[in-house]
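Visitor: Below are the sequence and a predicted model; questions follow.
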Number of protein chains: 2
Amino acid sequence: MRATFMYEAGDVRVHDAPDPVIEQPTDAVVRVVRSCVCGSDLHPYHTMAASDRPVSMGHEFLGTVEELGSDVSGFKRGDLVVSPFAFADNTCEHCREGLHTSCPNGGFYAAGGIGGGQAEAVRVPQAQGTLVKLPADVDAALLPSLLTLADVYGTGYHAAQQARVRPGDTVTVIGDGAVGLLAVLSAKRLGAERIILMGRHKDRTDLGRFFGATDVVAERGDEGIAKVRELTGGHGTRAVLEAVGHMPAYEMAIGVVRPGGVISRVGVPQYAAAPVGFASLFGPNITLTGGPAPVRAYIDELLPAVLDGTVEPGRVFDRTVSLDQVPEGYRAMDQREALKVLVTP
Amino acid sequence: MRATFMYEAGDVRVHDAPDPVIEQPTDAVVRVVRSCVCGSDLHPYHTMAASDRPVSMGHEFLGTVEELGSDVSGFKRGDLVVSPFAFADNTCEHCREGLHTSCPNGGFYAAGGIGGGQAEAVRVPQAQGTLVKLPADVDAALLPSLLTLADVYGTGYHAAQQARVRPGDTVTVIGDGAVGLLAVLSAKRLGAERIILMGRHKDRTDLGRFFGATDVVAERGDEGIAKVRELTGGHGTRAVLEAVGHMPAYEMAIGVVRPGGVISRVGVPQYAAAPVGFASLFGPNITLTGGPAPVRAYIDELLPAVLDGTVEPGRVFDRTVSLDQVPEGYRAMDQREALKVLVTP
C-alpha cells in the first residue's frame, strides 16, 4: 500500500509500505476512506532531526473494516467505522471512567510500531474497544464532519467539558486552529452565552463566528488580555479553553481568566514548567485542567448532531488532497494557506 | 491594648498598641475571646528581615462585638462572633459565587493597616459581610472548635471541596499540620472511603486517624509515592489534598494522583513555577486546583456539626497560652513541640 512517512523536518514522503495485517486477535485492518493532517503533525515537521528513522504519520481516519481478528466481535467486513486518535480496550478501569487516553492496553497511531492514518490502510489494535460503527448509507458529504470525531471535534469538546462549560457561561477560546474553532462550537453546544475567540486569521475567526463566537480578539499578549478584560467588565471569563500549547497562550490564559475560573488546556504543552504560584493560579483560585482528549468517550454523544446536520464540524477542512499529495498538504498547513487538510485515498 | 508584633525572623513581641476604633461606617470592633497561631505565621518567623517595619500578627479569632459602625446591621454589642481570615463584603459578584477571597472590598487581617487577631481587640472592616454570629450561650469547651472556622477547618474543607471529594472516593492528604488533619476530617465528612494521610509525626497522624484517615504513610519523596501506589493497586488516589506548600509536596502530589484525578492545593505555594507539562499534569489529564479558602462561604455549612459536637476540629489545638505568652507559642510551633497553639486574652 501507499503510506506517508516523515524523514526529517520539512520532508514528508508518500511511498510503498507493507500492507497492514492482523497481528493480534484483538486487531482489525481498516481501509482508509478519509484521513487528514493534524496541527500536531506540524511539530515534527518543524523539529524532526534527519538522523531519526522515518516515522509513519497520521492519527485521524475513518474507513471500512477489511479484516477482523478472532477476538473482535460486533463488526463485519465492509462496516464504515471511525477511530479515535488513541486506541483503547474500552473495558479497563480508566476507560470505564471515560479516560481512554490512560488505558493500559491503549496507545497512539503512528507510534510504537503501529502505522499511521495517512495511508491506504491501518492496523487498529484493540479494535472492538476502539472503533465506532457509522451508518452504512451515510451521505458522503458528511464524511468530513464524521472524521472530526477522530480527534479535533472531540478535542475541542474535551476542552469545554473539562472546563465544565454550562448554560449562560462566559468562555474565552485561545487559538483559531481547527481545535480552537471546534472548542467554540463545543462551548456553544454546552450553552455558553458569551464566547470570545482569540485569533488573528480573519477567515478562521469568521468560521469561529459561524460556530458561535460572539466576539473576536485579534490582539495578542498584554494587548489581547486588556481587550478581553474590557469586553468582560474587567473580570475576564470563567472558562478559558487553551488550544495552542505554547507558553504565550498559557500566559494569556492566566490574564483573561476570571477569579475562581478554569483554564482548560488541549493544546499539547510545548513547555515542561509554568507559573502556578500565588500570583498566577493560587491567589485567585484558578483551576488548571485538560490533557489529551479521550475522544472515544465523546463519540456516542457527538455523533447524532453530526449525522443529522445540526452541527458541521467538517467545515474546518478547507482543502482536499489525494494521498500522494499529502506532502503538499503539510506545506499548505505550515504556510497557513490551509486551516486543515482532508486526505482522500 | 496588648497586641502581637513581629520584628524580624524569630523575634515576636507582645506590647501596648493603640486601641482599635471604628474608622469606616462598615467597621466593627471585636474584643478577642480566642485567637491562635497559624502555620503560615511561621513563614515570616523564618524569613522576615530586621530592616522591615514590625508587623501585627494573627488572622484567626472569635470574640464579642464591642462597637459597630453606622452601616453595620444585624449585630449588637456583646454578640459572640467568628471572623473568617479574609474580610469581605459578602454582596459583590465574587462573594455571591462563594469566592470571598477575591472580594474587591475585602482583604486580610494583619496587613495593609488592619490589625491582627493575636491581640486584645481587632477592627473588622466590612463587618456585616464578614462576621458570623454564634449562639450567645455556647459552651466554652466548644470555643476551640468554633475558632477553627476562621481558617484551618474551612481551609481543609476548601481543599476537599475543590477536589470534589464524593462518597466512596479515594483521597491522599499531604501534610499532617492542622490544615492537613482538617482536610482529612473534611474528606471524611464528604464521604471519602479511603483517606491516606502522608505525615511523619505520630501524635499528629494519630489525630488524623481519629479524624478519618484509613492509612498513614510516613515516608516522603519517591519512597512515599511508592507506598501510596502500593496501597492503591498501583493507581494512586483520585483526589490529592496538598496542605504544605513546598515543592517536594507538589512533586509528591503528582506522584500519587491517579490519571484523571485532581490535585487540590491549600498550602500557600512557596514557589512561583512548577511542572505542568505532558509528563506531569497534561498527559494523564490531571486537574490542579485550590487557593486561599473563602472560609466565609463554608461557615454556615460547617457550623451545625461543630455546635452539636458531631465533629471536633478544635482537637488540633494541643497547647494554650495567654496573649503575653504568644512568643513562646511561636517557638513551640516552630520547634514542632505544639501542633497548633490557642491564645486566650
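Guide: Received it, and whenever you're ready, just let me know what you need.
Visitor: how about the closest residue to chain B within the stretch 1-150 of chain A, what does it touch?
Guide: Taking Cβ to the nearest Cβ, chain B has its nearest neighbour within the stretch 1-150 of chain A at A:Ser102, 3.7 Å off. C-beta here means a position set from N, CA and C on the backbone, and glycine is covered the same way. A:Ser102 sits next to A:94, A:294, B:259-260, B:284-285 when contact means Cβ atoms under 8 Å, 6 or more residues apart in numbering or on different chains.
Visitor: Quick one: which of those residues is the most crowded by neighbours?
Guide: A:Pro294 (26 neighbours; other Cβ atoms under 10 Å in any protein chain shown).
Visitor: Could you find the closest non-adjacent residue to the residue of the stretch 1-150 of chain A closest to chain B?
Guide: B:Pro259 (3.7 Å; Cβ to Cβ, 6 or more residues apart in numbering or on different chains).
Visitor: so when I look at the one you found, I'm seeing a strand, right?
Guide: Yes. Under DSSP: H, G, I helix; E, B strand; the rest coil, B:Pro259 falls within a strand.
Visitor: just checking, it touches A:Leu99?
Guide: Yes. Counting by Cβ atoms under 8 Å, B:Pro259 touches A:Leu99, with 5.8 Å between them.
Visitor: anything in contact with each of those two?
Guide: B:Asn285.
Visitor: circling back: so who does the residue nearest to A:Ser102 touch?
Guide: By Cβ under 8 Å, 6+ apart, the neighbours of B:Pro259 are A:94, A:99, A:102, B:235, B:284-286.
Visitor: can you give me the helices for the stretch 1-150 of chain A?
Guide: A:42-47, A:93-96, A:127-130, A:143-147 (DSSP state H, counting those that start in this stretch).
Visitor: Using JSON lines, lay out those together with mean pLDDT.
Guide: Listed next are these as JSON lines, based on pLDDT from 0 to 100:
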{"stretch": "helix A:42-47", "mean pLDDT": "91"}
{"stretch": "helix A:93-96", "mean pLDDT": "95"}
{"stretch": "helix A:127-130", "mean pLDDT": "98"}
{"stretch": "helix A:143-147", "mean pLDDT": "98"}
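Visitor: Looking at those helices, spot the one closest to B:Phe317.
Guide: Proximity to B:Phe317 (Cβ to Cβ) singles out helix A:93-96 among the helices of the stretch 1-150 of chain A, at 41.2 Å.
Visitor: So which bits of that closest one are buried?
Guide: By neighbour count on 16 or more other Cβ atoms under 10 Å in any protein chain shown, the buried set for helix A:93-96 is A:94-95.
Visitor: Tell me the residues of chain A that contact chain B?
Guide: Contact residues (Cβ under 8 Å from any Cβ of the partner chain) of chain A with chain B: A:93-94, A:97-99, A:101-102, A:162, A:235, A:259-260, A:265, A:268-269, A:271-292, A:294.
Visitor: Now the buried members of those.
Guide: A:94, A:99, A:101-102, A:162, A:235, A:259-260, A:265, A:268-269, A:274-278, A:280-292, A:294.
Visitor: thinking again about what came up before, B:Val132: which of the helices of the stretch 1-150 of chain A is closest?
Guide: Nearest to B:Val132, of these and by Cβ to Cβ, is helix A:93-96 at 42.7 Å.
Visitor: Helices of the stretch 151-300 of chain A, start to end?
Guide: A:152-162, A:178-189, A:202-211, A:221-231, A:247-256, A:296-307.
Visitor: so which of the ones you listed comes closest to B:Val152?
Guide: The nearest among the helices of the stretch 151-300 of chain A, by Cβ to Cβ, is helix A:247-256 at 28.4 Å.
Visitor: Mind giving me the packing neighbours of that closest one?
Guide: strand A:170-174, strand A:194-198, helix A:221-231, strand A:237-242, strand A:257-265, strand A:273-275 (3 or more Cβ pairs under 8 Å, 6 or more residues apart in numbering or on different chains; DSSP states H and E).
Visitor: can you rerun that using 7 Å?
Guide: strand A:170-174, helix A:221-231, strand A:237-242, strand A:273-275 (3 or more Cβ pairs under 7 Å, 6 or more residues apart in numbering or on different chains; DSSP states H and E).
Visitor: okay, the ones you listed in CSV with mean pLDDT and distance to A:Val326 next?
Guide: Shown next, in CSV, are the helices and strands packed on helix A:247-256 (pLDDT from 0 to 100; distance: least, Cβ to Cβ, whole Å):
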stretch, mean pLDDT, distance to A:Val326
strand A:170-174, 98, 28
helix A:221-231, 98, 34
strand A:237-242, 98, 28
strand A:273-275, 98, 34
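Visitor: Nearest to B:Ala305, out of the ones you listed?
Guide: Closest among these, using Cβ to Cβ: strand A:237-242, at 30.9 Å.
Visitor: So which elements touch that closest one?
Guide: strand A:170-174, helix A:247-256, strand A:257-265.
Visitor: Just say which of the ones you listed is most tucked in.
Guide: The highest mean neighbour count among those, using mean count of other Cβ atoms under 10 Å in any protein chain shown, belongs to strand A:170-174: a mean of 30.
Visitor: Which neighbouring elements make contact with that strand?
Guide: helix A:178-189, strand A:194-198, strand A:237-242, helix A:247-256.
Visitor: Pairing partners for the second one, with directions?
Guide: In this case it means strand A:194-198. strand A:170-174 (parallel), strand A:215-217 (parallel) (DSSP bridges).
Visitor: That one - what's its average pLDDT?
Guide: Strand A:194-198 shows an average pLDDT of 98 in the prediction.
Visitor: Tell me what angle it forms with helix A:221-231.
Guide: 160 degrees (axes from the mean of the first three to the mean of the last three Cα atoms, to 10 degrees).
Visitor: Then the third one?
Guide: An angle of 150 degrees separates the directions of strand A:237-242 and helix A:221-231 when computed by the same axes, to 10 degrees.
Visitor: do the same with the first one
Guide: Relative orientation of helix A:178-189 with respect to helix A:221-231: 10 degrees, computed using the same axes, to 10 degrees.
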